[in-house]
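Asks: build me a structure from this.
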Amino acid sequence: MKQTIPVIGMACSACSANVEKKLNELKGINTASVSLPGRSALVDYDPETISLEQMKAAINGIGYDLVIDKETSVEEIEKREYTLLRRKTILSWIFSIAVMSVSMGWIDLHSRTIANQVSLLIALANIVYCGRQFYVSAWKQLLHGTANMDTLVTLSTAISFLFSTFNTFWGDAVWASRGIVWHTYYDAAVMIITFVLTGRMLEEKAKDGTASSIRHMMGMAPKTAHIVDGDRIEEVPISTIEVGDILEVHPGEKVPVDGEVISAESFMTPDAAYVDESMITGEPTPAEKKKGSKVLAGTIPSQGVFRMKANEIGENTALAHIIRMVQEAQGSKAPVQRIIDKAALVFVPVVTLIALLTFLLWWLIGGEAYLPQAIISAVAVLVIACPCAMGLATPTALMVGIGKAAQKQILIKDAAALESLRKVDALVTDKTGTLTIPNKEVDFTKADNLPFEKREQLKPNAREAMEELQKSGIEVYMMSGDKDEAAHYWADKVGIKHYFSKALPQDKENLVKRLQSEGKRVAMVGDGINDTQALALADVSIAIAKGTDVAMDVAQVTLMGDDLATLPEAIRLSKNTVRMIWENLFWAFIYNLVCIPLAAGLLYVFCINWQITPSWASALMAFSSVSVVLNSLRLRWMK
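Replies: Alright, predicted model coming up:
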């Protein structure tokens, strides 16, 4: 059984890696993939071996939470958490301004000792209220032998605070008596927490943008329905609808569930209503619905009133299936992300080791007089080395890319498919139902005597799509079970040079095999059972949504509706998304490569007396994470 479960409490890639590692260790879980920006876990498990409650208990033990109660609103939980985070951030800024005012002398307390003691109390209040979550999380991580970004924040703020506290009471006795100038660093302890909270608040806001496509689709699901009970029509919650119930739908309302029209009328047609299905199929023209027509949840009648029988409800509707498919795709991981997740698990311990080496080098080379400098340099390294930017680089780009695809009626099953699409250099396509729409009203016993364009029509933008694919360097092959003349006519009509007629399912599979043996990366586009062999073999399988369920189950990518402009759009989106991933990873890597040595004080070796301070380190760390998310959001506006 596969299920997407919301995860609460993750703040960095080390967090998501820890949750994923813990889930995969549990007996009964086949695979688990955790998405940081999606704040969810995609779990494939055996419900007879392990329950959701057992998973929740295991994750609670390492400091996080799974939302398994379907009645619980994850959106409300996240809204409350964001409100609390914003409150703590604002209060932390107040503490920061207060401690800076005292430590910088903007508020003159006429005594260094009093100023330090006041700063101590402000910093302590900030740690206890605003920074408590970091310490609690770090402690739970320690108990389970793991570490995350909270560990780095806890270490850096605790060291800054404790060293400053020591200096406040014993600075003169220990340092001044030896001729060493001493300082307190309460401002660093406070500012680190302030900037980390600010970064997380901005990050959460930006992450909401990456998940907007899912929320938009969820918003398509209606909350109530009008149920027909004899002569009465009553408005009831959607959760009370059962299969077989008779419902009435008016113009402007959302169709509540999937079902079948039993009666319809409009001012245009006495026995039909018209329904806008563009959010599902992408078709701009409202579809005519008569008795016996299928209607889908979330679509909206534009004209007329109809009554329907509920056939599929709840999680069995087409809309629910699409939402689940997009959620699973956004929660899946590209191959490169697997490497990054493994690195995240060792990143924090490695950074801690680098900070320790920084401390030892300053102390051993400079001696006792440089002990304060050694401590502050180590703190700066702990703060600056944020694994968040690297952890967010891939999943945020994937979430935006897959979400944008869904809004354009392109459903992508997993991240690997999105990554593979950009490598396609050969495409095999079926004809009937894929490139063309057959005329179902034709008497096929007389079809041989009819012009080709009266048994079928080209789909919208079919020729333009094939031309764009071929211009981009993709070889296109049409495989048709039709006779030679028809195959030649439609291949010429759509602009395809390579075509085959009277093709059997095995012929399609053989063509895919031959192209792959020539070193080609092959995509197969089809809509029927006769295409499933080739779809299963292709490097990327693409199904047409109006085809059979079998084809859609095999396919990695599903195109909704008849507009074939979505085919080159999917490949273009794949290229943009993967390019964005590498951009994000490059900048995240450069950030750490440049900033860690600067925080450690490398420039002093070249007689440049400057380094990144702990306060600036926290600001840069927050900026790096936010910048990666914002950069990923650019995908929304890319063509």
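Asks: output the below-cut-off pLDDT ranges for the stretch 51-200 of the chain.
Replies: Applying pLDDT under 70 to the stretch 51-200 of the chain flags no residue at all.
Asks: which parts of it are helices?
Replies: Secondary structure of the stretch 51-200 of the chain (DSSP state H, counting those that start in this stretch): helices located at 52-60, 74-103, 112-125, 132-143, 149-174, 186-210.
Asks: determine which stretch of the ones you listed is the most buried.
Replies: Using mean count of other C-beta atoms under 10 Å, the stretch among those with the greatest mean number of neighbours is helix 186-210 (a mean of 25). From N, CA and C alone the C-beta is placed, and that goes for glycine too.
Asks: tilt between it and helix 74-103?
Replies: For helix 186-210 and helix 74-103, the angle between their directions (axes from the mean of the first three to the mean of the last three C-alpha atoms, to 10 degrees) works out to 150 degrees.
Asks: re the thing from before, between the helices of the stretch 51-200 of the chain, which one is closest to G244.
Replies: With distances scored as C-beta to C-beta, the stretch of those nearest to G244 is helix 52-60 (29.7 Å).
Asks: other SSEs contacting that closest one?
Replies: Contacts defined by 3 or more C-beta pairs under 8 Å, 6 or more residues apart in numbering; DSSP states H and E place helix 52-60 against strand 2-8, helix 13-25, strand 65-66.
Asks: next up, the contacts around L458.
Replies: With contact taken as C-beta atoms under 8 Å, 6 or more residues apart in numbering, L458 is in contact with 435-437, 490, 493-494.
Asks: adding pLDDT, write those out as CSV.
Replies: Below are the contacts of L458 laid out as CSV (pLDDT from 0 to 100):
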residue, pLDDT
L435, 91
T436, 90
I437, 85
W490, 93
K493, 93
V494, 93
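Asks: by neighbours, which of those residues wins?
Replies: Going through these with other C-beta atoms under 10 Å as the criterion, the one with the most neighbours is L435, at 26 neighbours.
Asks: residue most distant from the centroid, this structure?
Replies: For the chain, the residue at maximal distance from the C-alpha centroid (C-alpha atoms, centre = their mean) is S177, at 57.3 Å.
Asks: I'd like the distance between the closest residue to A125 other than its chain neighbours and M191.
Replies: Distances taken as C-beta to C-beta, 6 or more residues apart in numbering place F95 nearest to A125, at 6.5 Å, with adjacent residues excluded. Distance, F95 to M191, by C-beta to C-beta, to the nearest Å: 9 Å.
Asks: also V400?
Replies: For V400, the distance to M191 - C-beta to C-beta - is 31 Å.
Asks: and what of T566?
Replies: Noted for T566: a distance of 49 Å to M191, by C-beta to C-beta.
Asks: how many other residues sit next to V379?
Replies: For V379, using other C-beta under 10 Å, the count is 30.
Asks: contact partners for it?
Replies: Taking C-beta under 8 Å, 6+ apart as the criterion, V379 is in contact with 156, 159-160, 185, 188, 355, 614.
Asks: ok so, going back, need the winner for burial among the helices and strands packed on helix 52-60.
Replies: Mean neighbour count (mean count of other C-beta under 10 Å) peaks for helix 13-25 among the helices and strands packed on helix 52-60, with a mean of 23.
Asks: show me what the very next helix or strand once past that one is packed against.
Replies: Past helix 13-25, heading to the C-terminal end, the next element that is a helix or strand (DSSP states H and E) is strand 29-35. Contacting strand 29-35 under the criterion 3+ C-beta pairs under 8 Å, 6+ apart are the following elements: helix 13-25, strand 40-45, helix 318-331.
Asks: distance to K56 added to those, as TSV?
Replies: Compiled in TSV, these are given as follows (distance: least, C-beta to C-beta, whole Å):
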stretch	distance to K56
helix 13-25	11
strand 40-45	11
helix 318-331	18
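Asks: tell me which of these sits nearest to A272.
Replies: Closest to A272 of these is helix 318-331 (C-beta to C-beta; 21.2 Å).
Asks: give the rounded mean pLDDT of the helix or strand that comes right after that closest one.
Replies: Next in sequence after helix 318-331, counting helices and strands by DSSP H and E, comes helix 335-366. The average pLDDT within helix 335-366 is 84.
Asks: okay, buried residues for helix 335-366 please.
Replies: By neighbour count, and taking 16 or more other C-beta atoms under 10 Å as the criterion, the buried residues in helix 335-366 are 336-337, 340-341, 343-345, 347-348, 351-352, 354-355, 358-359, 361-363.
Asks: and the angle for that helix with helix 132-143?
Replies: Orientation note: helix 335-366 sits at an angle of 100 degrees relative to helix 132-143 (the same axes, to 10 degrees).
Asks: run the chain-centre distance for helix 335-366.
Replies: Between the centre of helix 335-366 and the centre of its chain there are 27 Å (C-alpha atoms, centre = their mean, to the nearest Å).
Asks: do stretch 408-415 as well
Replies: The mean C-alpha position of stretch 408-415 is separated from the chain mean by 12 Å, C-alpha atoms, centre = their mean.
Asks: quickly find the element holding the spatially most central residue of the chain.
Replies: Closest residue to the average C-alpha location of the chain: M399 at 3.0 Å, with C-alpha atoms, centre = their mean. Using DSSP H and E, M399 falls within helix 388-407.
Asks: same check, this time on A523
Replies: Under the criterion DSSP H and E, the helix or strand holding A523 is strand 522-526.
Asks: quick one: mean pLDDT over the helix or strand just after that strand.
Replies: For strand 522-526, the following helix or strand on the C-terminal side (DSSP H and E) is helix 532-537. Across helix 532-537, the average pLDDT comes to 85.
Asks: what residues of helix 532-537 count as buried?
Replies: Neighbour counts over helix 532-537 (16+ other C-beta under 10 Å) mark 532-535, 537 as buried.
Asks: between all of the residues you listed, which two are separated the most?
Replies: Checked with C-beta to C-beta, these reach their widest spread between T532 and L537, with 9.7 Å between them.
Asks: just the element for the closest residue to I437 other than its chain neighbours, please.
Replies: In space, and not counting its chain neighbours, I437 is closest to Q457: 5.2 Å by C-beta to C-beta, 6+ apart. Taking DSSP H and E as the criterion, the element that holds Q457 is strand 456-458.
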